[in-house]
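Peer 1: what follows is a predicted structure for the sequence shown.
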Amino acid sequence: MRTAYLFVLIIAMAVAAACSSADARSSVTIPVATPNPNAQPSKLETAVFAGGCFWGVEGVYEHVKGVTNVVSGYAGGSKEAANYEDVGSGTTGHAESVEVTFDPSKVTYEQLLYIFFTVAHDPTELNFQGPDHGPQYRSAIFYQNENQKASAQAFVKALTDAKFYDKPIVTEIKPLDAFYPAEKYHQDYMRLNPNDPYIVVNDKPKVEALKQKFPQLFVPDAK
């Protein structure tokens, strides 16, 4: 879909503007767990999120305090089908995803969820994000333990109960079977290609939204 990007530039600009302020439909603040400021560095943990094109989701989390690494990849399908060409068919079960490695003494899983739902993508779009369409661009959380599962379910319930969005949240919450890193040219794509028109229109506004909404977690230099 991205190969035909320039033909949908005007539409994508409108979508990006809406997505970059996805939580603007509500002034409700959802309480989340925050790290103990006196906590010692913790054992690193990982989280896997899918929210449309992995370039933008990766680019957002690369600017989050406490995140030590972000990898673009595929989750939800088989190892054999974990490549860009096959995933792009929309028939593999995979979603374009990111694996976020983080220090929970600096940023909590709940804070990463808050960023996921209000900055990184629009969780009310079913099987698409902006100009990218197909189940490979679906909204999903791939949990790795029962704590992550419970946190994700509770967060969706809190947003729903608060009527945070005008439309239902369609995010899948599923166990992670495996995460497969994407091809090298997809890694750090936003950082390495800041002037790509797709990045400028769809993804840079998300980073700016992160800076405005979560200034205490924003770091200016991508990892």
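Peer 2: Here it is on my side, so go on. Nothing here was measured: the structure is a model prediction, and the numbers come from that model. Residues are numbered from 1 along each chain as shown.
Peer 1: setting aside sequence neighbours, what's the nearest residue to P168?
Peer 2: Excluding its sequence neighbours, the residue lying closest to P168 (Cβ to Cβ, 6 or more residues apart in numbering) is T124, at 6.5 Å. From N, CA and C alone the C-beta is placed, and that goes for glycine too.
Peer 1: what of I169?
Peer 2: That would be P123: by Cβ to Cβ, 6+ apart, it lies 4.7 Å from I169.
Peer 1: the one you found and Y114 touch, don't they?
Peer 2: No: between P123 and Y114 there is no contact under Cβ atoms under 8 Å: 11.6 Å.
Peer 1: picking up where we left off before, so how far is V219 from the residue nearest to P168?
Peer 2: Here the distance between T124 and V219 works out to 28 Å (Cβ to Cβ, to the nearest Å).
Peer 1: which of those two has more neighbours?
Peer 2: Using other Cβ atoms under 10 Å as the criterion, T124 and V219 rank with T124 on top: 17 against 14.
Peer 1: tell me the SS of that one?
Peer 2: Under DSSP: H, G, I helix; E, B strand; the rest coil, T124 falls in the coil class.
Peer 1: thinking again about what came up before, mind listing what the residue nearest to I169 touches?
Peer 2: 22, 51, 116-117, 139, 159, 165, 169-171 (Cβ atoms under 8 Å, 6 or more residues apart in numbering).
Peer 1: reformat those residues as JSON lines; add secondary structure and neighbour count.
Peer 2: Listed next are the contacts of P123 as JSON lines, based on DSSP: H, G, I helix; E, B strand; the rest coil; neighbours: other Cβ atoms under 10 Å:
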{"residue": "A22", "secondary structure": "helix", "neighbour count": "20"}
{"residue": "G51", "secondary structure": "strand", "neighbour count": "29"}
{"residue": "F116", "secondary structure": "helix", "neighbour count": "25"}
{"residue": "F117", "secondary structure": "helix", "neighbour count": "28"}
{"residue": "S139", "secondary structure": "strand", "neighbour count": "25"}
{"residue": "L159", "secondary structure": "helix", "neighbour count": "22"}
{"residue": "Y165", "secondary structure": "coil", "neighbour count": "18"}
{"residue": "I169", "secondary structure": "coil", "neighbour count": "16"}
{"residue": "V170", "secondary structure": "coil", "neighbour count": "15"}
{"residue": "T171", "secondary structure": "coil", "neighbour count": "25"}
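Peer 1: closest to V100 out of those residues?
Peer 2: Nearest to V100 among these, counting by Cβ to Cβ, is F116 at 9.2 Å.
Peer 1: so that closest one touches G51, yeah?
Peer 2: Yes: assessed by Cβ under 8 Å, F116 is found in contact with G51 at 6.4 Å.
Peer 1: joint contacts of those two?
Peer 2: Contacts common to F116 and G51, judged by Cβ under 8 Å, 6+ apart, are 57, 123.
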